[in-house]
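>>> Dropping a prediction and its sequence here:
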Amino acid sequence: MTETTQTSPPQSPAPEADRPVIIRTRGLQKHYKMGEVITKALQGIDIEIYRGEFLSVLGPSGSGKSTFFNMVGGLDSPTEGRVFIDEVDVAQLNAIELAFLRCRKIGYIFQTYNLVQYMTALENVTVPMAFAGADADRARERGMEILELVGLKERWFHKPIEMSGGQQQRVAIARSMANAPSILLCDEPTGNLDLQTGAEIHEILRRLNCEHGVTIICATHDHRLINIAHRIMWIRDGQIDRLAERNEVTIETGAIGGEENG
Amino acid sequence: MKLDVRQQVRLPLRRCVELVVSGIQFRLFRAAITVGIIALAVAFLMTMLTESFTAREVAGAIEERVAPREAMLTWVNRLSTGMTENEVNSLLLKAETDPDRAAELRHWGGLDQSEMEELVNVARRRDFYLGFFEEQPEGILREMVGRDRGDQVFRRLSDPERLEEFRLALPRATTQFPTDMDEFNSFLQHYQATAEHRQQIRKGHEQAISQLKEKFPDLRAVEILAEADDDLPDILEPLGFRMSSEQLEQVRREARLSLDVEQLNRLLTVRQVRARLAQRGAAGRIADVTQETLLREVRSKDGASWLISMVEGLLREHRDLVEQRDELSDRVEQLSEQTEEIRESVETLPAEAEQHEHEEAKQRLTQAETDLEAAMLEYDRISEDLRALEAAEPMLRDLDLSAERVSEVARHRLEQRQLADIETAVSQAAVRGGVLGFSTRAMWLIVVSLMVCIVGIANAMLMSVTERFKEIATMKCLGATDGFIMINFILESCFQGLAGGLIGAVLGLVLGLVRSWLNYGTLSLMQLPLVSVLAAAGATIGIGVVLSAMAAVYPARVAARLAPMEAMRIE
């Protein structure tokens, strides 16, 4: 993880307006055409996400949360508006450059883990390194390092089916960190886990954010995950409903109080 | 801090193969459909190829094996029957390469070297023109040369009027006439001019045959050959026939076999022999007993000795019957004398004799008459039995084969028959023509089977892609390029094709061998063209791999174009 440590600030200070922006969206719109009907999933989103920030995204299902994720993660192209990642317009990139971006700059964590079933934990972790062109020996070495980071070094030879959900998600996190990306996109990372295992995942994410300076964007319903975020963004009907610093929001156990509180 | 975005690395093929192989054990079971389809198609193709190759080899082997018998039959024919015009000409063609035949022809025709050359030349050209006429359909042929066929055509066309007729009809021919008219004309003239020589050859040959008959007055040609001493070639030479000593050896052996088979066949004309064969269980009814039944029965040593002892038994029976008949005939004579005496004594009995004496005498007479009648009936019955055997007796007595020879002859003859059957089967398989020995219909079958195979594989692969949407999308999120996904699927299909191809090739080979074995017998296994069959196996496996690769193109494109955000979808 030396690389990341060098290029990122050692600690994540409170976000300030003059901090470097890593993702910027401008008038982001996405329309889906389903037969005659046009669904507007996103209707103009402008946001700046800072380097080293932990941003939680909230919103009911169908609010455009996932679409926003796809846009920011370079998985889909917007109908209108732009996404800049480190001031690079994603729309300008061709398919092979996009693959490069997804391989090294962004890590993805899915609610359903999406591990390759027939590979061991270590093999899963080394897949992105293989795509990045690393040779097999180096990839294994580094894979073991990252597995150690998520506390699964001893279980490297297990297949996903032999592991619990929490362990699988930890392998998935390790995989997303394989090429030391500067952005982690998490889509409901604890959605399929119980509270206890969820907490473990939170801790890992927090550590990655604090110690490695990885920018984390996290869609979630889990209030504890909101708790460790620097900023929280609410999306409703494809628009930013509200954007708040963590300390502006009060969270009560079992409920999100921020909305009433302002 | 600026993000620098470059081209994603293109993975080397070796790495792709490694990645595919790592997943292949996991998926091989799922790939059973693809593997199965490929295996079927390849097995089908391989079966056809194996059969076609073995059939071709078998055809060659048969020709070699029947050659001695053919040679014997040819010699029998030459020593006993005159030649037709056609035979003279084909012999002339043979004379080009066979000096013995050339010498024979020159001897019979009394020809010198240049006359001989001229004849051969004409024969070659005749062959060439005949080919043209044989290719024409009947209707057009009639228009060109009327009802004449073969050599008659050339004789007919020597008439200038008829030639003109032919020339006018020629444009209707289905194939180009091989030469121009001048050349044909010159051939016709030569043909006419040499006709006399050919006639001389035929006459000379016939003379030779009749001289041979004088030398061996009571023998058929095949008997001459079978009983030939080593000096037969020397006897034949003054008559013009040229026979080498190796040929004599071969021909003599075959002729003897042929005579011995004749002996066996003659046995079959004896009703009792047929009845015994049927009794032995060789055939259901006496009417079902054929030459084949006999041969099969006596092919073993057991059967052969049974036959010999059965024939001896019949001869013994015959002898016994003759004895019994003679005895009976004596007895009948004796009885009739006695009866006569009694009758006389009855008649001469004085009328004054006692009543009971009369009755006694009458009784004795009746008794004697009854005895005589019974003896005569018995005699008739035995003569009847004897008559049935009498006709067969010389044939039975003539059988001079040992048990070993009987079984040898039977085995040999059966093999020859089998070879003839196989030859029919092989020629029906039409192995001599077409691409790789396939008929057009077989070709179509193969092409269609391969097309169906492609569609089936494409379908199975598409299913596999649909099943793995999430995995593919995840891979794309992790940095897989479209190209990698595409190559990944095509490679996977290739591996399945390879597996299916291997299975299919082995299966097809076994099936093809079994089928050839059923059709052509053990000969096909002895003649297995190993190199061609292995090459065919390699080629069919290659076809399997290429087909799977082709079939995977569309599914792989579907997979490659999949949007990476599919990975986010939750089922």
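Sure, I can see it.
>>> Let me know the helix or strand that the nearest residue to residue B:15 once chain neighbours are set aside is in.
Nearest in space to residue B:15, with sequence neighbours left out and distances taken as Cβ to Cβ, 6 or more residues apart in numbering or on different chains, is residue A:130 at 6.5 Å. From N, CA and C alone the C-beta is placed, and that goes for glycine too. In this structure, residue A:130 sits in helix A:121-131 according to DSSP states H and E.
>>> how about the CA coordinates for that helix, as CSV?
The C-alpha coordinates for helix A:121-131 follow below in CSV (Å, rounded to 0.1, in the frame of the first residue of the first chain):
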residue,chain,number,x,y,z
ALA,A,121,-10.0,-15.8,-2.4
LEU,A,122,-6.5,-15.1,-3.6
GLU,A,123,-7.3,-15.7,-7.2
ASN,A,124,-10.3,-13.4,-7.0
VAL,A,125,-8.1,-10.7,-5.6
THR,A,126,-5.5,-11.1,-8.3
VAL,A,127,-8.0,-10.9,-11.2
PRO,A,128,-7.8,-7.1,-11.5
MET,A,129,-4.0,-7.3,-11.3
ALA,A,130,-4.0,-9.8,-14.2
PHE,A,131,-6.1,-7.3,-16.2
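>>> Off-centre distance for that helix?
Chain-centre distance of helix A:121-131: 18 Å, with Cα atoms, centre = their mean, to the nearest Å.
>>> And for stretch B:244-252?
With Cα atoms, centre = their mean as the basis, stretch B:244-252 stands 25 Å off its chain's centre.
>>> quick one on the thing from earlier: and the residue nearest to residue B:15, what is it in contact with?
A:136, A:139, B:11, B:15, B:19 (Cβ atoms under 8 Å, 6 or more residues apart in numbering or on different chains).
>>> out of those residues, which is most surrounded?
Neighbour counts for these (other Cβ atoms under 10 Å in any protein chain shown) peak at residue B:19, which has 23 neighbours.
>>> Could you list the low-pLDDT ranges of the stretch 201-350 of chain B?
B:282 (pLDDT under 70).
>>> part of a helix, is residue B:142?
Yes: with DSSP: H, G, I helix; E, B strand; the rest coil as the criterion, residue B:142 is assigned to a helix.
>>> Tell me which residue of the stretch 351-500 of chain B lies closest to chain A.
Ranking the residues of the stretch 351-500 of chain B by distance to chain A (Cβ to the nearest Cβ) places residue B:479 first, at 2.4 Å.
>>> which SS state does that residue fall under?
coil.
>>> Surely it and residue A:129 touch.
No: using Cβ atoms under 8 Å, residue B:479 is not in contact with residue A:129; the gap is 9.3 Å.
>>> Can you report how many residues neighbour the residue lying closest to residue B:420 once chain neighbours are set aside?
Closest residue to residue B:420 apart from its sequence neighbours, by Cβ to Cβ, 6+ apart: residue B:66 at 7.8 Å. Other residues near residue B:66 come to 16 when the count uses other Cβ under 10 Å.
>>> One more: the one 10 residues further on?
Neighbour count for residue B:76, taken as other Cβ under 10 Å: 20.
>>> Residue B:448 now?
10.
>>> Near chain A, which residues of the stretch 101-250 of chain B are found?
Taking Cβ under 8 Å from any Cβ of the partner chain, no part of the stretch 101-250 of chain B reaches chain A.
>>> Helices of the stretch 101-250 of chain B, residue ranges please.
B:113-135, B:138-145, B:151-157, B:160-169, B:181-215, B:221-226, B:232-236, B:245-267 (DSSP state H, counting those that start in this stretch).
>>> which parts of the longest one are buried?
To tie it back to what came earlier, the one meant is helix B:181-215. Across helix B:181-215, burial judged by 16 or more other Cβ atoms under 10 Å in any protein chain shown covers B:184, B:187-188, B:190-191, B:194-195, B:197-198, B:200-202, B:204-205, B:208-209, B:212.
>>> For residue A:201, which of the helices of the stretch 101-250 of chain B is the nearest?
helix B:113-135 (87.4 Å; Cβ to Cβ).
>>> Flag the shaky bits of the stretch 151-262 of chain A, pLDDT-wise.
A:251-262.
>>> what about 90?
A:187-200, A:212, A:219-229, A:236-239, A:241-262 (pLDDT under 90).
>>> Which single residue of it ends up nearest chain B?
Residue of the stretch 151-262 of chain A nearest chain B, by Cβ to the nearest Cβ: residue A:187 (5.7 Å).
>>> go on, the stretch 101-250 of chain A?
In the stretch 101-250 of chain A, the residue found nearest to chain B is residue A:103; the distance is 2.4 Å by Cβ to the nearest Cβ.
>>> Could you double-check that that residue sits in contact with residue B:476?
No: counting by Cβ under 8 Å, residue A:103 stays clear of residue B:476, with 9.8 Å between them.
>>> Please point out which parts of stretch B:322-338 sit buried.
Neighbour-count burial for stretch B:322-338 [16+ other Cβ under 10 Å]: B:324-325, B:328, B:331-332, B:335-336.
>>> could you dump stretch B:377-390 to CSV, C-alpha only?
Presented in CSV, the C-alpha positions along stretch B:377-390 are these (Å, rounded to 0.1, in the frame of the first residue of the first chain):
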residue,chain,number,x,y,z
LEU,B,377,-42.7,-106.9,-52.0
GLU,B,378,-39.6,-106.9,-49.9
TYR,B,379,-37.5,-107.2,-53.0
ASP,B,380,-39.4,-104.3,-54.6
ARG,B,381,-38.8,-102.1,-51.6
ILE,B,382,-35.1,-102.8,-51.5
SER,B,383,-34.7,-102.3,-55.2
GLU,B,384,-36.5,-98.9,-54.8
ASP,B,385,-34.0,-97.9,-52.0
LEU,B,386,-31.2,-99.1,-54.1
ARG,B,387,-32.3,-97.2,-57.2
ALA,B,388,-32.1,-94.0,-55.2
LEU,B,389,-28.5,-94.8,-54.3
GLU,B,390,-27.5,-96.4,-57.5
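>>> quick one, helices of the stretch 151-262 of chain A?
A:165-176, A:195-212, A:223-227, A:258-261.
>>> For residue A:118, which three-state class applies?
coil.
>>> For the stretch 51-200 of chain B, give the residue positioned nearest to chain A.
residue B:51 (41.3 Å).
>>> List the contacts of that residue.
Taking Cβ under 8 Å, 6+ apart, we find residue B:51 in contact with B:429, B:512, B:515-516, B:519.
>>> element containing it, please.
Counting by DSSP H and E, residue B:51 is found in helix B:32-80.
>>> could you give the angle of the following helix or strand past that helix to helix B:181-215?
Next helix or strand after helix B:32-80 toward the C-terminus (DSSP H and E): helix B:85-95. Going by axes from the mean of the first three to the mean of the last three Cα atoms, to 10 degrees, helix B:85-95 is angled at 100 degrees with respect to helix B:181-215.
>>> residues of helix B:85-95 that come out buried?
Buried, per 16+ other Cβ under 10 Å, within helix B:85-95: B:85, B:87-89, B:91-92, B:95.
>>> What backbone torsions are found at the residue of the stretch 351-500 of chain B closest to chain A?
Residue B:479 adopts backbone torsions of phi 110, psi 10, taken as degrees, to the nearest 10.
>>> helix or strand for the residue in the stretch 201-350 of chain B positioned nearest to chain A, which one?
As assessed by Cβ to the nearest Cβ, chain A sits closest to residue B:296 within the stretch 201-350 of chain B, at 61.7 Å. Using DSSP H and E, residue B:296 sits in helix B:291-298.
>>> Contacts for that helix next, please.
Taking Cβ under 8 Å, 6+ apart as the rule, helix B:291-298 contacts B:264-265, B:267-268, B:277, B:280, B:282-283, B:303-304, B:306-307, B:406-407, B:410, B:413-414, B:417.
>>> helix/strand/coil for residue A:46?
Assignment for residue A:46 (three-state DSSP): strand.
>>> quick one: contacts for the residue nearest the centre of chain A?
In chain A, the C-alpha nearest the mean C-alpha coordinate belongs to residue A:185, at 1.4 Å (Cα atoms, centre = their mean). For residue A:185, the contact set (Cβ under 8 Å, 6+ apart) comprises A:69, A:72-73, A:106-109, A:217-218.
>>> I'm done for today, thanks for sticking with me.
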